[in-house]
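In: Next one to model:
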Amino acid sequence: MNIPNLLSLFRIILVPAVVILLIQGDYFKALVCFGVAGITDALDGAVARLLHQQTVLGAYLDPAADKALLASCFITLSIFGVIPSWLTVIVISRDLIILSGILVMTLMEVDFAMKPAFVSKVTTTLQIVTVLLALAVKSLDVSLPPDTFGALYGLTALFTIASGAVYIVRGIRAVNHVA
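Out: Coordinates of the predicted model:
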């Protein structure tokens with residue numbers, strides 16, 4: 001166990017805290033916890049590269065922590081009407097499709113590498129910004145130009161769908177390469 005992996009585990013531990021705070025309607029504390037989780041996300045990758053502590057466990061733990069945090073926030077914020085349900089369905093569906101593809105390729109014993117696509121990094125950033133802005137507006141009484149959220153939701157949806165398509169194409173190529 002190294003520092004980057006501990007940071008990822010800490011981020012996973014923050015997930016229930018953020019959800020509980022959202023359920024209690026304490027959006028400011030949820031924003032702070034989400035912000036801390038975001039900082040640990042940035043730190044774990046940077047520390048892993050700087051200290052040459054990249055591990056196979058970390059390659060799975062980091063994205064799992066991201067997915068757990070974002071999925072939990074999207075679902076909870078959607079239930080409370082803070083983020084539109086249709087966007088949450090797109091975000092969760094993409095993750096389920098990717099996980100299903102990984103499961104199928106594992107069962108088929110297809111050799112594949114877990115390397116994030118650039119579009120996926122943009123997607124994760126947009127999803128984080130969506131949650132951060134929603135929490136900021138809800139907790140800090142911040143006002144934004146009227147079309148800000150509409151544009152952000154559309155962009156987040158577009159990149160989420162595009163990144164899902166990239167992984168589907170990669171999965172199909174990997175399966176066809178074996179067949």
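
In: Now for the closest residue in space to Leu61 that isn't next to it in sequence: which residues touch it?
Out: Distances taken as CB to CB, 6 or more residues apart in numbering place Ser8 nearest to Leu61, at 4.2 Å, with adjacent residues excluded. Yep, even glycine has a C-beta here, placed from its N, CA and C like the rest. The neighbourhood of Ser8, defined by CB atoms under 8 Å, 6 or more residues apart in numbering, consists of Thr40, Asp44, Gly58, Leu61, Asp62, Ala64, Ala65.

In: Quick one, which of the residues you listed are buried?
Out: Burial by neighbour count, judged by 16 or more other CB atoms under 10 Å, picks out Thr40, Asp44, Gly58, Leu61, Asp62, Ala65 from these.

In: Point out the ones among those that are inside helices.
Out: Assigned to helices by DSSP state H, the following of the buried ones among the contacts of Ser8 qualify: Thr40, Asp44, Gly58, Leu61, Asp62, Ala65.

In: From those, pick the one nearest Lys121.
Out: Asp62 (11.9 Å; CB to CB).

In: May I see the buried residues of stretch 78-89?
Out: Ser78, Val82, Ile83, Leu87, Thr88.

In: Need the buried ones among the contacts of Ser8 in JSON lines (columns: distance to Met1 and pLDDT).
Out: Listed next are the buried ones among the contacts of Ser8 as JSON lines, based on distance: CB to CB, whole Å; pLDDT from 0 to 100:
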{"residue": "Thr40", "distance to Met1": "15", "pLDDT": "91"}
{"residue": "Asp44", "distance to Met1": "12", "pLDDT": "85"}
{"residue": "Gly58", "distance to Met1": "10", "pLDDT": "85"}
{"residue": "Leu61", "distance to Met1": "10", "pLDDT": "89"}
{"residue": "Asp62", "distance to Met1": "14", "pLDDT": "88"}
{"residue": "Ala65", "distance to Met1": "14", "pLDDT": "93"}
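
In: and the two most separated of those residues?
Out: Thr40 and Gly58 (12.6 Å).

In: So which of the buried ones among the contacts of Ser8 is the closest to Pro116?
Out: Using CB to CB, the buried ones among the contacts of Ser8 come closest to Pro116 at Asp62, 9.5 Å.

In: quick one on the thing from earlier: any chance of the buried ones among the contacts of Ser8 in JSON lines with distance to Thr106 as columns?
Out: Below are the buried ones among the contacts of Ser8 laid out as JSON lines (distance: CB to CB, whole Å):
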{"residue": "Thr40", "distance to Thr106": "28"}
{"residue": "Asp44", "distance to Thr106": "25"}
{"residue": "Gly58", "distance to Thr106": "19"}
{"residue": "Leu61", "distance to Thr106": "17"}
{"residue": "Asp62", "distance to Thr106": "19"}
{"residue": "Ala65", "distance to Thr106": "20"}
